[in-house]
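Below is the sequence, then the predicted model.
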Amino acid sequence: MVHSVGDQETQRPDVLLLVLALFPASMFLVLLYALITQPLPWAASWTWVPSLGIDLTLWVDGLAAQFLLLITGIGTLVLIYAAGYLAGVTGRARVALLLLLFMAAMIGAVISDHLIVLFMFWELTSVLSFLLVGFSHEQENTRRSAQQALLVTGLGGLALLAGFILLGQIAETYSIQDLIARADRFVGDARLSAALLLIFAGAFTKSAQFPFHFWLPNAMAAPTPVSAYLHSATMVKLGIYLLARLDAAFSDLLLWEVVLVAVGTSTAVGAALQTMRERDLKRILAWSTVATLGTLTMLVGLPGQGAALAVATLFFAHALYKAPLFFVAGNLDHGAGTRIIDQLTGMRRYMPWTAAAALLAAISMAGLPLSFGFIAKDVLTIAKAESEVFKAVSYASVFVSGVSVAAAAVAAIHVFWGRDTVPREAHPHEGSWPMLFPPLLLVTLGVLFGLAPTLVDPILGAAARAIAPGLDADAVRNAYDATPVISATLSAVLIGVVIYRNWDRMHALLERAHFLDVLGPESWYWRKLAFLPKLAAWLTRRLQHGRLPGYVLVLIGTCSVVLFALVGVTWPTWQAVEVSAPELPVLLACALIAAGALATLFVRDHLVLLLVSGLVGYGSAALFLFTGAPDLAFTQFAVETVFVVVAATLLVRLRRAPATASSALREPVLRPVALVVSITFAVVLTALLLFVSAQPFDSTLSEYFGAQSVPAAHGRNVVNVIIVDFRALDTLGEIGVLLFALLAALPLLRLGRGARSEAT
Amino acid sequence: MIWVVAIAFGTVIAAGTYLALSRDALRCVIGVAMLGSGVNLLVFASGRLQSHIPAIVPATQTQLTLAANPLPQALVLTAIVISFALLCFSLVLAARIVLERGDADLEELRFAEPHAPEGYKPSVEESQ
Amino acid sequence: MTSRPLLAEVFVRGLYIVLLVASIWVLLRGHNAPGGGFIGGLLAVAASAAYALTFNATSALQRLPLRPAALAAIGVLLSAASGVPALWSDLPFLTHLWVELPLGIADLPLSTVMVFDFGVYLCVWGALGGYCLGLLRALEEAP
């Protein structure tokens, strides 16, 4: 990490970060005041991109308000904490700025009612997360973690966008509230499953659900304030937030229920197992966060009103205990220089305040009575009992709770109260006040809400009503039955104690389970990532081989295929080609053209080739002459003559140049691939010509020019009148092209002495 | 009558493409020239070969009647001149290649794209 | 080209003038008979090319009224300028205007379209002539 033990006591809190913390703090207070005085929901709307039908509609209901409180409240504490934690660290202002931007993006995401606007803010959080995780970008490992977080959440974001667009098409609205209101009209739509699966992909990547969960523990390479904020309290909850938002519309769908419960449960169990494989306190906390996110996903999937209340409560409780635990991990890192739990025992003697915060947070995390975590567990148990979940899900949930208890015990008891047996060079030290105030405040709030849940009842109730409209909190409370809660708590504590006592043994056992690494989705991710540059290099070498004839071949081949498809589609509408005897002059001219073209294939000498190819031009000139186009004939004749004469002179002189005496090119006379491509191209184009001439001819334009030439333009040569009058602007552009072609070639034309001696 | 022109057109396109696909820069230029002529034929012929009377209003009339279609002629006329400029440009390039290199082998022409080494960038494992 | 037949020199000098005059004639008749700026310009290019082949490209370049690029640029500017008077009469750019200039014997019709076509002529002569002569000169200078 960026810190070393010993020199920290002299560092004073960073004033800039403390001042910046005033922004979210004032927002938090304003919000709190507004929540007390103004009834929810709040709505506002502005027209933003009218051409795309995107309005900037804001919608703040209980769910959004709860998020806003967490975003601004914990945001304030995170900035205060960073003022202590990052004091004296280079780049702390950048972190603070990014955190504030991130806060703005989060606020935007939770208050926007329009799916596409929501998506924009969603992507913004991904990008800012990338920048924040990659803070210590000198370290290879950090860069890889940041890239991983961006790739996983970014790809999920693309899926989400596709899902949103599809959903908007199905529902014929992009407003979330409209969507919920008219959900019963389109739930039968066959495309809905695809849209929901895409949205799941987005939400699951963001909220680290299996099989996209692996990026979150790796994102612990971020500085601790960032981890506490993004990867525990706010950003990773955005996926759950979206699912909870849409729950009101889709909670009755079987797909919704099955996928969310299955994925949530497997994420929770998998993360619980992974928790026990870690020895880094921060990664232990990260995995337990993944487990909680899994539980939340499962709860969103569960039908029933209790589940909605449980989601809202667990959101809140988790933020209140997990953020302080991250702060504790940061204090340990800062004060003792390590986060490895083997080297951290008996730390309460050095860090009493941190120890107190850790203990209270751990109690809440374990869900012991008198903590807010207990309330959460309470509601959670009711929710599960109410919705008659499968036994397997129920057992899994108890196991996850047990591991959670054990992890809490590791974080608090093992680290702070265990026997201090590790020899140390320097004494660990307690953090400065900005590093103690935030965790202590949060755990105090946790205890307060645990003792008096009615304080947070209004906001949690409002949030739950946003998830499940028509929720009757009193009915939930009246159905309260203490027995399952007590048994659930007891069994979780029992399992937790067993795991805690055998932590080292289980760790050793699981450590050897390498197959988890090999088979896991993360190894798949790395394999794919390693494959990409190889694929790119291979493709580049294939496509950009540097051989000019190869490029031309691909170009012409592609043109042929596309044209063939276009012409081929129209085949049934073809009329028979009119086969009439041609006039003799036309026949002769065409024979001259074809003979000249064919002859070029058999000529090896450049000069002869040039002269033979001239036959094509002169033949064309003759054809033009006999088909009523004297201007064309004249032009073609002049051009062909000048070209042949100049090119022939060039060839003769090049041949005389000594350097090119041995320029005879050994190219095979017959090139089969080129021959096939040429014939295909010619056949397709000829078919195109025949097709065009078989179509009815629209002569409107030509007739207009023919009729207007004399009266309007005072010219009898209609061709010339078109060029210089009717389409004069075109002609102006064309002579402009001539001029610029000359200017472009001027440097090349000076290819005599000057340019040559400079080039070599 | 169109079928005669179509056959001539097809021959020109086939031969022009075949030459343009050559390794030899000068053959390539001549191929491009023939392709240009061919495309001019295509545009001209798709305006229909309805008459051999030039599109010039007789002095006794004020309207064009029974004459060839003037529109494709106007298009092709400018096309001929512009393709001539293009040809001159290709010719300049080809001449320069011959003078610089002593031959006109386009396969060996690698000023802009030198032979790539195997693997442009270390893969992820290698960079670890 | 060390030895040149004297007859050819004299002939080409004359031909050069004749071809240029012919090109102007083709340019002027272009509006009512086959011809016009493009064809006239090409004739002028042919004249320059013939001159360059008989003598050499450098002297052919010197016989041009201006340097090729300047000739082409003036052509483009002239063509563009011919569209400007229409703007004064609140007509779209490049709407051509006609004036009958009385000369006593007959009225001489003048029009902006002639200016336009003359611009085309100069541009073709300058650009394509520049190409041909530049190409030939480059080879003369090559080793």
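Right, received. Where do you want to start?

residue closest to the middle of chain B?
B:Gly36 (3.2 Å; Cα atoms, centre = their mean).

Could you pull up phi and psi at the nearest residue to it once chain neighbours are set aside?
Leaving out its chain neighbours, the residue that sits closest to B:Gly36 by Cβ to Cβ, 6 or more residues apart in numbering or on different chains is B:Ser83, at 3.8 Å. No exception for glycine: its C-beta is placed from N, CA and C like everyone else's. Per-residue torsions, B:Ser83: phi -70, psi -30 (degrees, to the nearest 10).

Show the model's pLDDT score for B:Ser83.
Here, the pLDDT recorded for B:Ser83 equals 90.

which residues touch it?
B:Ala33, B:Gly36, B:Asn40 (Cβ atoms under 8 Å, 6 or more residues apart in numbering or on different chains).

still on that earlier bit, does the residue nearest to the centre of chain B belong to a helix or a strand, and which?
helix B:25-46 (DSSP states H and E).

Need the mean per-residue confidence for that helix.
91.

Report the buried residues of it.
B:25-42, B:44-46 (16 or more other Cβ atoms under 10 Å in any protein chain shown).

Report the buried residues of the helix ranked longest in chain C.
Taking DSSP state H as the assignment, the helix of chain C that covers the most residues is helix C:112-141. Within helix C:112-141, the residues that count as buried by 16+ other Cβ under 10 Å are C:112-139, C:141.

Any residue of that helix touching chain A?
Yes - residues of helix C:112-141 contacting chain A under Cβ under 8 Å from any Cβ of the partner chain: C:113, C:116-117, C:119-120, C:123-124, C:126-128, C:130-132, C:134-141.

Report the contact partners of B:Leu42.
Shown in contact with B:Leu42 (Cβ under 8 Å, 6+ apart): A:Leu685, A:Leu688, A:Leu689, B:Phe9.

Where neighbours are concerned, which of these has the most?
Scoring the contacts of B:Leu42 on neighbours with other Cβ atoms under 10 Å in any protein chain shown, the highest-scoring entry is B:Phe9 at 30 neighbours.

Quick check: phi and psi on A:Pro668?
Here is the backbone geometry of A:Pro668 (degrees, to the nearest 10): phi -60, psi 140.

Pull up the gap between it and A:Ser580, please.
Distance of A:Pro668 to A:Ser580, computed by Cβ to Cβ, to the nearest Å: 41 Å.

Torsion angles phi and psi at A:Thr627?
Dihedral angles of A:Thr627 (phi, psi; degrees, to the nearest 10) stand at phi -120, psi 30.

give me the residue from the stretch 1-150 of chain A nearest chain C.
Nearest residue of the stretch 1-150 of chain A to chain C (Cβ to the nearest Cβ) works out as A:Ser51 at 29.7 Å.

quick one: low-confidence parts of chain B?
Applying pLDDT under 70 to chain B flags residues B:110-128.

Show me what from it comes close to chain C.
So chain B meets chain C at B:54, B:56, B:77-78, B:81, B:84-85, B:88-89, B:91-92, B:95, B:99 (Cβ under 8 Å from any Cβ).

So which of the residues you listed sit within helices?
Using DSSP H, the members of the residues of chain B next to chain C that fall in helices are B:Leu77, B:Thr78, B:Val81, B:Phe84, B:Ala85, B:Cys88, B:Phe89, B:Leu91, B:Val92, B:Ala95, B:Leu99.

Please identify which of the residues you listed is nearest to chain C.
Taking Cβ to the nearest Cβ as the measure, chain C lies nearest B:Cys88 of these, at 3.7 Å.

For that closest one, which residues are in contact?
Residues near B:Cys88 by Cβ under 8 Å, 6+ apart: A:Phe643, A:Val646, A:Ala741, A:Ala745, C:Leu128, C:Tyr131, C:Cys132, C:Leu135.

so how far is A:Phe643 from the residue of chain C found nearest chain B?
Chain B sits closest to C:Tyr131 of chain C, with a gap of 3.7 Å, by Cβ to the nearest Cβ. Between C:Tyr131 and A:Phe643 the computed distance is 10 Å (Cβ to Cβ).

Then C:Glu100?
Computed as Cβ to Cβ, the C:Glu100 to A:Phe643 distance reads 41 Å.

swap in A:Lys322?
Distance from A:Lys322 to A:Phe643, counting by Cβ to Cβ: 80 Å.

Am I right that B:Ser51 is in a strand?
No - according to DSSP: H, G, I helix; E, B strand; the rest coil, B:Ser51 belongs to no strand; its state is coil.

and the closest residue to it other than its chain neighbours, how many neighbours?
The shortest distance from B:Ser51 to any non-neighbouring residue, by Cβ to Cβ, 6+ apart, is to B:Ala68 (4.9 Å). Counted with other Cβ under 10 Å, residues neighbouring B:Ala68 total 27.

Which residues are in contact with B:Ala68?
B:Ala68 sits in contact with A:Thr627, A:Gly628, A:Ala629, B:Leu49, B:Gln50, B:Ser51, B:His52, B:Ile53, B:Pro54, B:Ala55, where contact means Cβ under 8 Å, 6+ apart.

ok, 6 Å please
Residues near B:Ala68 by Cβ atoms under 6 Å, 6 or more residues apart in numbering or on different chains: A:Gly628, A:Ala629, B:Ser51, B:Ala55.

and if you look at C:Asp117?
Here C:Asp117 is in contact with A:Val724, C:Gly37 (criterion: Cβ under 6 Å, 6+ apart).

repeat for A:Glu734
If a contact means Cβ under 6 Å, 6+ apart, then A:Glu734 has B:Thr78 as its contacts.

How about the backbone phi and psi for it?
Per-residue torsions, A:Glu734: phi -70, psi -40 (degrees, to the nearest 10).

From A:Val642, how far out is it?
Counting by Cβ to Cβ, the separation of A:Glu734 from A:Val642 is 18 Å.

Same question for A:Leu332.
Per Cβ to Cβ, A:Leu332 is found 86 Å from A:Val642.
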